[in-house]
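A.B. asks: here is my input; please provide its structure:
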Amino acid sequence: MKVFVSYQRADTLFAAHALGYALRCGAHEAFVDTGSIGSGALYRQAIAGAVSGSQLMFALIGPGFDAQRLHEPANVVAYEWQRARFHGATVAPVLVDGGVMPADEQLPAALRWITRRNALVLRRASLSADIDACVAAVPALASTPRPAARVLWVDDRPANNEAERKWLRPHGIVFDNVVSTGEALEQLVAQSYDLVITDLGRRGSSDRSATAGAAFLEQAALRGGPPVLVYAGSWAVAQRETLVRRGALEVMASREQLYASVLGVLGRAAPAAGDLGR
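C.D. replies: Residues are numbered from 1 along each chain as shown. Here you go, the predicted model:
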């Protein structure tokens, strides 16, 4: 198994390397940043690559853990936790030598999900046994990381969909936004997509049409390509049968329907109640 060990150096450096050593002795592949990143490597790129291939992340929290640092835009630990969640890897908190789980209000909203994870412990008085217990727990905790899904979103007013994209990104989804059919067709030639989302009317782009999305459904570039969802107003839903005949997989007007359809098409599990975005 590939296991990523996340920690703050000023807090749990020794514990992180002790755990990494034990994981390797237990025939696992352990990533501990100070010993696993080569000279000259791009730091964040190396971390992103390591997290994307890890089945489990141990998130070490010791008595000196500084939750306020997680609010910093470039904080590495926050980045590691977010990347693990993006790829669907299990994140298991490990409370080291009396460390306690931060309270929700101490954490950025995007990281508060970690407070609902069961934690393991590493105690000074029983360090060897506790490390062995962590290593033994790896097969049961591990999950298969998911690759990022790529979605092309065609809308002449992309700002109108910011909230939807923000909600969906933590499910391992990357968006490319374009405002016209011409741009969309260029992207479909240049990139591979798992899903396309389109509006119907695009008067604010070079399309200058109230039916651009309907015509887009019949483009040759979409035949045998990614599924297409139409996300527009109630007037689009009223045309559902016609739009489905023209190539749409589904037509919807509400965010809830969009979320369910996107997660279903991409094989992403819906979040537990109260979990996403907290």
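
A.B. asks: ok, what's across the strand from the residue nearest to Asp176 when sequence neighbours are not counted?
C.D. replies: Closest residue in space to Asp176, ignoring its immediate chain neighbours: Leu152 at 5.2 Å, by C-beta to C-beta, 6 or more residues apart in numbering. Glycine gets a C-beta too; all of them are placed from N, C-alpha and C. Beta bridges link Leu152 to Asp176, Val196, judged by DSSP bridges.

A.B. asks: who's in contact with Leu152?
C.D. replies: With contact taken as C-beta atoms under 8 Å, 6 or more residues apart in numbering, Leu152 is in contact with Phe175, Asp176, Val178, Ala184, Gln187, Leu188, Gln191, Tyr193, Leu195, Val196, Ile197, Pro226.

A.B. asks: so which of those is the closest to Leu13?
C.D. replies: Phe175 (37.1 Å; C-beta to C-beta).

A.B. asks: hmm, that closest one is touching Val151, no?
C.D. replies: Yes. Using C-beta atoms under 8 Å, Phe175 makes contact with Val151 at a distance of 5.2 Å.

A.B. asks: quick check: neighbours shared by these two?
C.D. replies: With C-beta under 8 Å, 6+ apart, Phe175 and Val151 have common neighbours Leu168.

A.B. asks: quick one: which of the two has more around it?
C.D. replies: Val151 (23 against 17; other C-beta atoms under 10 Å).

A.B. asks: can you pull the pLDDT of that one?
C.D. replies: Note on Val151: pLDDT of 97.

A.B. asks: my read: it touches Val262, true?
C.D. replies: Yes. Counting by C-beta under 8 Å, Val262 is a contact partner of Val151 at 7.4 Å.

A.B. asks: find residues that contact each of the two.
C.D. replies: In contact with both Val151 and Val262: Leu168, Ile173, Leu195, Ile197, using C-beta under 8 Å, 6+ apart.

A.B. asks: so can I have a markdown table of these showing distance to Glu80, pLDDT and neighbour count?
C.D. replies: Formatted as a markdown table, the shared contacts of Val151 and Val262 follow (distance: C-beta to C-beta, whole Å; pLDDT from 0 to 100; neighbours: other C-beta atoms under 10 Å):
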| residue | distance to Glu80 | pLDDT | neighbour count |
| --- | --- | --- | --- |
| Leu168 | 21 | 94 | 23 |
| Ile173 | 19 | 95 | 20 |
| Leu195 | 27 | 96 | 20 |
| Ile197 | 30 | 97 | 25 |
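
A.B. asks: quick check: the gap between the residue nearest to Asp176 and Val179.
C.D. replies: 12 Å (C-beta to C-beta, to the nearest Å).
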